[in-house]
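[1] Let me see the structure of the following:
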Amino acid sequence: MDTLNDKQKEAVLHTEGPLLILAGAGAGKTKTLTHRIMHLVEKGVKPHEILAITFTNKAGKEMRERVALLLHSSQFSKGFPFISTFHALGVHIIKENAELLGLTRHFTIYDRADSKRAVKEALTQAGFDPKQFDPNTVLAAISREKGEAVSLQEFERHVGSDYLKKVTLAAWKGYEAILKKEKALDFDDLLLKSLLLLKQHPEVRDKYHATWKYVHIDEYQDTNRVQYQIAKVLAEKTHNMCVVGDIDQNIYSWRGADISNILNFEKDYPEGEVILLEENYRSTNVILKAANEIIKKNVNRREKNLFTRKEGGELISVYNAYDEADEADFISRTAMELIEGGVPADEIAVLYRANYQSRIIEESFLSRNVPHQVLGVRFYERKEVKDAMSYLRLALNPDSESDFRRVINVPARGIGKVGLEKILAGDMTKVPAAARAAHEQFMALLMEIRSAALTKSVSETLTFIVTATGLRDMYKAGKLEDEEKVGNLEELVTLGKRYDHMPQGEGLETFLEDVALQSDQDEMDKNKKGVKLLTVHASKGLEFDYVFIAGLEEELFPHKRMNESRISAEQAEEERRLFYVALTRARKKLYLSYALVRTIFGMKKYNLESEFIGDIPSELVHRIEANLGIKSIFIDY
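    Residues are numbered from 1 along each chain as shown. Below is the predicted model of the structure:
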C-alpha cells in the first residue's frame, strides 16, 4: 500500500459493490487494478473467483505478469485470476459450452478475409451481384448489428420495407448458414454468441456467477453494446463490478465503442462509487499542460486535470514543413540525431492519423539507415503463415471449407476447379482418378497432422506441418525472395515453442486462440530495436520517451473524410480525444509537424495548420521553420 497514492489506495480498498475508476493517461491504472486484485486475495477471496478483462493481448499479458509477481507462490495453489481480453473471454465461454451452439472445442475463427469470402458467396447464392452490393459494406452492416447485441432473428423482425436491409438480411442468412456448415464463428460472434449463451441458458449464467464473484473491466470507455451487456450479466448477482476508464481516451466509436457506457455508469449503478486518478507518472509538466488545454475544450466529458510532481520539461517542438518529403526528412534526421545522442531507438515513436502517411516517412528512414519497425503488417496474415495455420485448423476441424479451399492445392496437387467443386459436393464418382488419388493422400496427410497436434508439442506439430506438407520445400525451390517465406515458416515454429511448456491440449488451444486474436500492438517486436512507426489509434496503451506526431493539418488531423463538408460535433470531440491520446504517449519530449503542401491521390493540396497546434499555449511551444531556399519564399508569400 505504501507505493500507492491516496486515490489509488481508496480504489484498492473499495472491494464491495460497483466502482468506477476514472484514470487519466499515465495515472497508474494497471498498478491500481493489480493491487486491488492482490488485496482481494489477501482478504480471503479465492484467486479463481476474480475476473479481469482488458482490451488488448498486450495489456492482458502485462496484467497477468504483474499479478503473478504480487501474489505469493503459496496462493497459486488456490488458482489464478482469469485475466483476458473480451474476445478471449468469449472463446472461453463458447468452448466450455460448444455443444449448445452445435460446435466443437476446435471451431474455426474466421478472419476478415474469410468473412468477406463467405459474405460474397452468400450474396451470390441470394441472387445479388457482389459488384453492385459490396461484400465489405454488407459485412460491416452485419458486424455493426452484432456489436449492438442484435441477433439475426431480431434483425429480421425489424427489417421492414428498407431494401438495403433486405439485402443485408439475405446475405446474413446465407453467411450464417456457411458459418454453421463450417463449424466457424467470426470475431463478432465470439462476443454475441457468448452473450446469448449467458442470457438464454440459465445454467450457463449460474455457472459463471458461481465462478467469478468479482468482475474488473479495463478501458470501459471502449466497450460496445455487446461487451457492456456481457459485463453487466456477469456482475448482476453480486454487483461487485470495478470498471476503469478515461472518457478523454474514447477513440473507437467507428468500431462501435459507446461513450455512454462509461458516462451512464452512475445511472446503471446508483449505489456505486467514483474515484478519479489524476496524478500522472509518465509525462513532463509541459506535456501535461498541453494535453489539459487540448482536452478541456470537449463538452462530453467529466472534468479532471492531470498533474505531475515533476517540474518543467522540454518545450514542444513544432516543425512547419514545405511538403511531406520535407516533413519526413525532418523526422528521420531528428530521430537519427537522438539515437546518435544516446537515446535507444525503441524509445522513439512516429505517430500519424492515416496509414498512407507511413510510406514516405519509412522511405526517409531507409535512406538514412535509421533502424525502424512499421506496425500494421501482421505476421500471421502473410500467405505462407496462413497456409501453415490452415493445415492445422483443417486437421482439427474437417468442416472448415475455407481452410480446405486454401490449401488443397498448396503445394499443387493437380486438382482442378471442377474436380474441387465435385469433391466439396461429395460427388467423388465424377472426380478424375488422379485427382481422387491426390485427394485421398491429402486427407491422409490431414489425419497425420491431427495425430501430431493431439500428441506432440505445439512447435513439434508446426515443424511436422511445414515439412510433411511440402511448404518448406516449395519455397526453398522458389525464387530468391522466397527465402523470406522460409524464414517466416521457421519463425512460426519458434513462436510455437512459447506454448510447449503448457499441458498437452491446452498449449495448442491457447496458441490457436492467440493467433486468431492478434492485434497490431502484438506485432511490435520487442527484440527489434528500432523507431516505431504506427497510427495514433494503434499507439493507445503504449508510451515512449520521444514522440513525433506527423501531419497536423486541417482535414487530416483533425480528420475529415473526402465526402464530408464538415465533421459533426461528436466526430470533432473524438478527433480531439485522439490528439490527446497522441500527446500523452510521450514521457519526455514531443515533436509536432505539418506540411504546407501534401500530395494525396496524385493531387497537390495546400493546407492550413491544425487547430490543435494553435490550442497549445505558445509558452509551451518552440517553432522550427523549414529552411528550403526558394521554397521558403513561396511560404512567406
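
[2] In this structure R436 contacts M428, no?
    Yes. Using C-beta atoms under 8 Å, R436 is in contact with M428, at 6.2 Å. Glycine gets a C-beta too; all of them are placed from N, C-alpha and C.

[3] Look at those two and report which has more neighbours.
    Ranked by neighbour count (other C-beta atoms under 10 Å), R436 and M428 place R436 first, with 17 against 13.

[4] Check which helices and strands the helix or strand hosting that one sits against.
    R436 belongs to helix 433-455 when assigned by DSSP states H and E. Using 3 or more C-beta pairs under 8 Å, 6 or more residues apart in numbering; DSSP states H and E, the elements in contact with helix 433-455 are helix 383-396, helix 417-425, helix 458-468.

[5] Quick one: closest of those helices to L533.
    The closest of the helices and strands packed on helix 433-455 to L533 is helix 383-396. By C-beta to C-beta, the value is 21.8 Å.

[6] which of the residues in the next helix-or-strand element following the closest one are buried?
    For helix 383-396, the following helix or strand on the C-terminal side (DSSP H and E) is helix 401-407. For helix 401-407, a neighbour-count test (16 or more other C-beta atoms under 10 Å) marks E401, S402, D403, F404, R406, V407 as buried.

[7] One more: stretch 204-222?
    Using 16+ other C-beta under 10 Å as the burial criterion, the residues of stretch 204-222 that qualify are 204-205, 208-209, 212-222.

[8] so which of these comes closest to R393?
    Of the buried residues of stretch 204-222, the one sitting nearest to R393 (C-beta to C-beta) turns out to be V204, at 25.8 Å.

[9] L197 is in contact with the closest one, correct?
    Yes. The pair V204 and L197 qualifies as a contact (C-beta under 8 Å) at a distance of 4.9 Å.

[10] any residues in contact with both of the two?
    Common neighbours of V204 and L197 (criterion: C-beta atoms under 8 Å, 6 or more residues apart in numbering): I93, N97, L100.

[11] ranking these by neighbours, who comes first?
    Within the shared contacts of V204 and L197, I93 tops the neighbour count with 22 neighbours, counted by other C-beta under 10 Å.

[12] got a list of what that residue touches?
    With C-beta under 8 Å, 6+ apart, I93 has these contacts: S194, L197, L198, V204, Y208.

[13] show me the contacts for the first one.
    If you count contacts by C-beta under 8 Å, 6+ apart, S194 has them with L89, G90, I93, I94, I230.

[14] pretty sure the fourth one contacts L190?
    Meaning I94. Yes. Contact status for I94 versus L190: in contact at 6.8 Å, counting by C-beta under 8 Å.

[15] Which residue, other than its chain neighbours, is closest to A126?
    Nearest non-adjacent residue to A126, counting by C-beta to C-beta, 6 or more residues apart in numbering: A170, 4.0 Å away.

[16] Which positions in the one helix or strand that neighbour maps to come out as buried?
    With secondary structure defined by DSSP H and E, A170 is part of helix 163-181. Neighbour counts over helix 163-181 (16+ other C-beta under 10 Å) mark K165, V167, T168, L169, A170, A171, W172, G174, Y175, E176, I178, L179 as buried.

[17] Sheet partners, orientation included, of the helix or strand that contains K589?
    In the assignment (DSSP H and E), K589 maps to strand 586-600. The sheet places strand 586-600 alongside strand 316-323 (parallel), strand 544-549 (parallel), strand 603-606 (antiparallel), with pairing taken from DSSP bridges.

[18] Format these as CSV; extra columns: mean neighbour count and mean pLDDT.
    Formatted as CSV, these follow (neighbours: other C-beta atoms under 10 Å; pLDDT from 0 to 100):
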stretch, mean neighbour count, mean pLDDT
strand 316-323, 21, 95
strand 544-549, 24, 98
strand 603-606, 10, 85
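
[19] Just tell me which of the ones you listed ends up closest to L492.
    strand 544-549 (28.8 Å).

[20] Name the next helix or strand downstream of that closest one, please.
    helix 569-583.

[21] What residues sit buried inside that following helix?
    Along helix 569-583, these residues count as buried under the neighbour rule (16+ other C-beta under 10 Å): 571-583.

[22] Next: stretch 388-405.
    Within stretch 388-405, judged by 16+ other C-beta under 10 Å, the buried ones are 388-404.

[23] Now do that stretch: distance from first to last residue.
    13 Å (C-alpha to C-alpha, to the nearest Å).

[24] C-alpha coordinates for stretch 230-248, PDB please?
    In PDB, the C-alpha atoms belonging to stretch 230-248 read as follows (Å, rounded to 0.1, in the frame of the first residue of the first chain):
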ATOM      1  CA  ILE A 230     -21.700  -9.200 -21.100                       C
ATOM      2  CA  ALA A 231     -20.100  -7.300 -18.200                       C
ATOM      3  CA  LYS A 232     -23.500  -6.400 -16.800                       C
ATOM      4  CA  VAL A 233     -24.700 -10.000 -16.900                       C
ATOM      5  CA  LEU A 234     -21.600 -11.400 -15.300                       C
ATOM      6  CA  ALA A 235     -21.800  -8.900 -12.400                       C
ATOM      7  CA  GLU A 236     -25.600  -8.900 -12.000                       C
ATOM      8  CA  LYS A 237     -25.700 -11.200  -9.000                       C
ATOM      9  CA  THR A 238     -23.000  -9.600  -6.700                       C
ATOM     10  CA  HIS A 239     -22.700  -6.100  -8.300                       C
ATOM     11  CA  ASN A 240     -19.000  -6.400  -7.500                       C
ATOM     12  CA  MET A 241     -18.100  -4.700 -10.700                       C
ATOM     13  CA  CYS A 242     -15.000  -2.500 -10.900                       C
ATOM     14  CA  VAL A 243     -14.600  -0.600 -14.200                       C
ATOM     15  CA  VAL A 244     -11.600   1.500 -15.200                       C
ATOM     16  CA  GLY A 245     -11.600   4.000 -18.000                       C
ATOM     17  CA  ASP A 246     -11.000   7.500 -19.300                       C
ATOM     18  CA  ILE A 247     -13.700   9.400 -21.100                       C
ATOM     19  CA  ASP A 248     -11.000  11.500 -22.700                       C
END
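
[25] List the buried residues in it.
    For stretch 230-248, the neighbour count (16+ other C-beta under 10 Å) marks 230-235, 238, 240-248 as buried.

[26] what about G551, how many neighbours?
    Neighbour tally, G551, other C-beta under 10 Å: 24.

[27] Now for it: which residues touch it?
    Per C-beta under 8 Å, 6+ apart, neighbours of G551: E324, E327, Y352, R353, A354, Q357, F557, S593, Y594, A595, R598.

[28] Of the residues you listed, select the buried ones using a ChimeraX command.
    A single ChimeraX command is used to select the members of those judged buried by 16+ other C-beta under 10 Å:
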select :324,327,352,353,357,557,593,594,595,598
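
[29] Quick one, which of the contacts of G551 has the minimum pLDDT?
    The lowest pLDDT within these belongs to A354, with 88.
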